[in-house]
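In: Next comes the sequence, and after it the predicted model I'd like to discuss.
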Amino acid sequence: MLQENLQQLKNRALDEIKKAGDLNQLRDLEIRYLGRKGELTKILRTVGELPAKERGRAGDLANQVKQALASEIGRVKKSFGEKGEGGVGEKEWIDVTASKMKDGFGHLNPVSTVQYELEDVFSSMGFMVLDGPELESDYYNFEALNIPSWHPARDMQDTFYVEGENLLMRTQTSAMQVRAMEKYGAPLRAIVPGRCFRNEATDARHEHTFYQLEGFMIDKNISFANLKAVLEVTAQKLYGKDTRVRLRPKYFPFVEPGVNGEVTCFLCKGKGCRLCKNTGWLEIFGAGMIHPNVLRAGGINPEKWSGFAFGFGLTRLAMLKYGIDDVRLFCGGDIRFLGQF
Ligand code: DAH
């Protein structure tokens with residue numbers, strides 16, 4: 001009777017193992033037959049209750065069935081790819097042609113693209129690429145840049161202040177000028193790409209968060225000619241060989257003299273179009289010779305050294321390059337906007 005039961009159970013179990021479609025089903029079968037409360041285990045427990053002379057044979061048979069099932073389950077498991085000890089499943093394989101990119105590739109934000117392009121250009125001219133704090137002190141953002149607290153220029157760059165701490169969200173990457181001078185001294189060549197903040201009534205051209213790229217070069221006998229040469233090379237790398245740079249006087253407290261930098265409009269090549277408002281020129285940076293007060297704040301002797309500084313609006317460059325007409329789109333978080341570039 002017991003022997004018959006065992007035989008039937010074995011056949012049924014082997015049949016089900018053969019039909020198992022995956023590892024999970026196999027594991028279920030293993031539990032159902034061989035587990036602590038499994039069918040075979042239950043039968044094995046009753047062996048002890050048999051008359052002594054039947055016990056031996058029944059016990060042997062039950063153990064044989066148990067082993068047969070265990071080894072069959074093991075074999076099929078392996079063929080489904082479950083790794084044995086230190087081994088690899090027979091059916092384990094990698095489809096190198098399979099595409100995992102169902103949802104498409106991600107890509108750089110247009111501001112990053114422009115930033116990396118400029119980093120390449122300036123690195124090739126020996127400039128370091130520096131990073132600076134976005135939460136900055138009043139000192140480095142204004143005071144050290146020749147903008148004392150009473151200075152009217154402060155009104156042009158209102159920002160977000162941390163109460164009582166003399167800290168603010170930096171309004172310009174120029175804030176890194178004096179920090180870099182203190183750390184590296186002269187001679188010095190560096191650019192500082194980064195995020196800036198202003199308290200703006202936002203519109204299509206103004207945003208509370210935007211990107212700039214500051215740069216400066218300090219050495220012996222640095223003149224306005226060096227400033228123009230470096231920025232001309234940069235503009236030509238960005239917009240092509242025929243690009244020209246035009247400098248027109250503009251006041252910035254931390255440079256003397258200071259200029260607005262314009263380049264030939266890359267869209268109409270200087271003929272005049274909608275992008276350049278028919279002037280043929282695009283205004284893309286501010287620049288000038290570093291004010292002696294700023295050099296002094298950085299511990300550099302203005303009698304011995306001189307330098308120029310410039311600041312690009314990275315966000316503005318990206319808007320021009322990609323024809324983006326509303327600056328608020330950059331921080332708007334709309335993936336459909338970013339997906340276009
Ligand atoms: N930081 C200025 C701004 O945000 C831009 C600038 C102008 C930077 C002249 C400079 C500079 O280094 O020399 O408007």
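Out: Good, I have the coordinates. Numbering: from 1, shown residues only.

In: Quick one: name the residues of the stretch 101-250 of the chain near the ligand.
Out: Residues of the stretch 101-250 of the chain lying close to the ligand (Cβ under 6 Å from any ligand atom) are 172, 174, 214. In this view, the C-beta of every residue, glycine as well, is placed from N, C-alpha and C.

In: top of those by neighbour count?
Out: The most crowded member of these is Ser174, carrying 30 neighbours; neighbours defined as other Cβ atoms under 10 Å.

In: Tell me how far that residue lies from His208.
Out: Distance from Ser174 to His208, counting by Cβ to Cβ, to the nearest Å: 18 Å.

In: Could you do Ser123 as well?
Out: For Ser123 relative to His208 (Cβ to Cβ), the value is 30 Å.

In: More neighbours: those two, which one.
Out: Neighbour comparison, Ser123 and His208: the larger count goes to His208, with 16 against 12 (by other Cβ under 10 Å).

In: Hmm, that one is touching Glu200, no?
Out: Yes. Counting by Cβ atoms under 8 Å, Glu200 is a contact partner of His208 at 5.4 Å.

In: per-domain residue ranges of this protein.
Out: Per the record, the chain has its domains at 2-79, 110-338, by automatic domain parsing.

In: Make a markdown table out of those domains and add mean pLDDT.
Out: Formatted as a markdown table, the domains of the chain follow (pLDDT from 0 to 100):
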| stretch | mean pLDDT |
| --- | --- |
| domain 2-79 | 83 |
| domain 110-338 | 96 |
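
In: deepest of these, which one?
Out: domain 110-338 (a mean of 18; mean count of other Cβ atoms under 10 Å).

In: what's the distance between that domain and the middle of its chain?
Out: 22 Å (Cα atoms, centre = their mean, to the nearest Å).

In: Now the terminal residues of it, how far apart.
Out: 8 Å (Cα to Cα, to the nearest Å).

In: Okay, strands next: where are they in the chain?
Out: In the chain, the strands defined using DSSP state E lie at 128-129, 135-137, 161-162, 167-169, 188-197, 209-219, 245-249, 255-264, 281-290, 306-313.

In: Next up, the contacts around Gly48.
Out: Applying Cβ atoms under 8 Å, 6 or more residues apart in numbering, one finds that Gly48 lies in contact with Arg55.

In: For the residue most central in space within the chain, list the residues it contacts.
Out: Residue closest to the average C-alpha location in the chain (Cα atoms, centre = their mean): Leu108, at 8.2 Å. With contact taken as Cβ under 8 Å, 6+ apart, Leu108 is in contact with Tyr116.

In: does the residue of the stretch 151-300 of the chain found nearest the ligand have beta-bridge partners, and which?
Out: The ligand sits closest to Gly286 of the stretch 151-300 of the chain, with a gap of 2.6 Å, by Cβ to the nearest ligand atom. When bridges are called by DSSP bridges, Gly286 pairs up with Asn260, Gly311.

In: re earlier: got the strands of the chain as TSV, with distance to Leu231 columns?
Out: Formatted as TSV, the strands of the chain follow (distance: least, Cβ to Cβ, whole Å):
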stretch	distance to Leu231
strand 128-129	17
strand 135-137	25
strand 161-162	33
strand 167-169	28
strand 188-197	12
strand 209-219	9
strand 245-249	5
strand 255-264	6
strand 281-290	7
strand 306-313	6
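
In: closest one to Gly333 among these?
Out: Of all the strands of the chain, strand 209-219 sits nearest to Gly333, with 11.9 Å by Cβ to Cβ.

In: counting contacts, what elements does the closest one pack onto?
Out: Helices and strands touching strand 209-219, by 3 or more Cβ pairs under 8 Å, 6 or more residues apart in numbering; DSSP states H and E, are helix 110-123, helix 176-184, strand 188-197, strand 306-313, helix 314-322.
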